[in-house]
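Asks: Fold the following and give me the result.
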Amino acid sequence: MKELEKIFINFLKKQGLRYTPERKEVLHGILQIHKHFDADDLYDFLKSHNGSLSRATIYRSLPLFLESNILRESPRSEGRTHYEITYGHEHHDHLICLSCGKIIEFKHDMIEQLQNKVCKEYDFIPLDHSLSIRGYCKECKNKKSTP
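Replies: Numbers count the residues shown, from 1 in each chain. The predicted structure is shown next:
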């Protein structure tokens with residue numbers, strides 16, 4: 001937590017911004033959620049933990065966490081932008097259930113190798129990539145096939 005807080009404070013200083021109590025509260029909330037979340041999930045979480053922030057404050061703060069590379073947008077689920085912590089987490093891809101909205105993280109070496117091979121073939125330098133596969137999770141698939 002302390003290291004990530006230092007990174008965010010340094011980012012804000014470089015941008016000429018202050019580390020306000022509101023930004024600190026948002027950061028602490030982000031670090032406690034431990035799952036993919038959208039702005040409303042974060043608002044609800046903070047409110048349930050005696051937070052006093054408005055939705056507008058959260059919406060205004062999220063771009064700062066994206067720009068500082070603490071968060072990244074994860075694939076949309078249910079038409080809403082979701083976020084996940086990048087700091088200290090290995091790269092992974094996503095399976096997204098179209099029925100319940102569940103997001104399953106996975107990593108597969110063959111996919112990574114194929115992406116590297118394609119980049120090499122096209123003399124392309126990759127900086128980042130995102131793979132998401134949409135479909136139905138095990139539970140929703142079983143519900144659909146049950147009469």
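
Asks: Domain-wise, how is the protein divided?
Replies: 1-89, 92-147 (automatic domain parsing).

Asks: how about those domains in JSON lines, adding mean pLDDT and mean neighbour count?
Replies: C-betas here are computed from N, CA, C, even on glycine. Shown next, in JSON lines, are those (pLDDT from 0 to 100; neighbours: other CB atoms under 10 Å):
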{"stretch": "domain 1-89", "mean pLDDT": "89", "mean neighbour count": "15"}
{"stretch": "domain 92-147", "mean pLDDT": "87", "mean neighbour count": "12"}
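
Asks: Kindly indicate whether the residue at minimal distance from the centre of the chain is helix, strand or coil.
Replies: The residue lying closest to the centre of the chain (CA atoms, centre = their mean) is Glu84, at 1.9 Å. With DSSP: H, G, I helix; E, B strand; the rest coil as the basis, the three-state label of Glu84 is strand.

Asks: Isn't it up against Arg72?
Replies: Yes - shown here, Glu84 and Arg72 form a contact pair, counting by CB atoms under 8 Å, at 6.3 Å.

Asks: about what we covered before: what sits against the residue nearest to the centre of the chain?
Replies: Lys35, His36, Phe37, Leu71, Arg72, Ser74 (CB atoms under 8 Å, 6 or more residues apart in numbering).

Asks: now it: how far from Ala56?
Replies: 22 Å (CB to CB, to the nearest Å).

Asks: cool, Lys138 as well?
Replies: The gap separating Lys138 from Ala56 is 38 Å, by CB to CB.

Asks: Can I get whichever strand or helix holds Glu112 in CSV, CA atoms only?
Replies: Using DSSP states H and E, Glu112 sits in helix 109-121. C-alpha atoms of helix 109-121 as CSV (Å, rounded to 0.1, in the frame of the first residue of the first chain):
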residue,chain,number,x,y,z
ASP,A,109,1.5,-19.3,-22.6
MET,A,110,0.5,-20.4,-26.1
ILE,A,111,-1.6,-17.2,-26.6
GLU,A,112,1.3,-15.1,-25.5
GLN,A,113,3.7,-16.9,-27.8
LEU,A,114,1.4,-16.6,-30.8
GLN,A,115,1.0,-12.8,-30.1
ASN,A,116,4.8,-12.5,-30.0
LYS,A,117,5.2,-14.5,-33.2
VAL,A,118,2.6,-12.3,-35.0
CYS,A,119,4.4,-9.1,-33.9
LYS,A,120,7.7,-10.5,-35.0
GLU,A,121,6.3,-11.4,-38.5
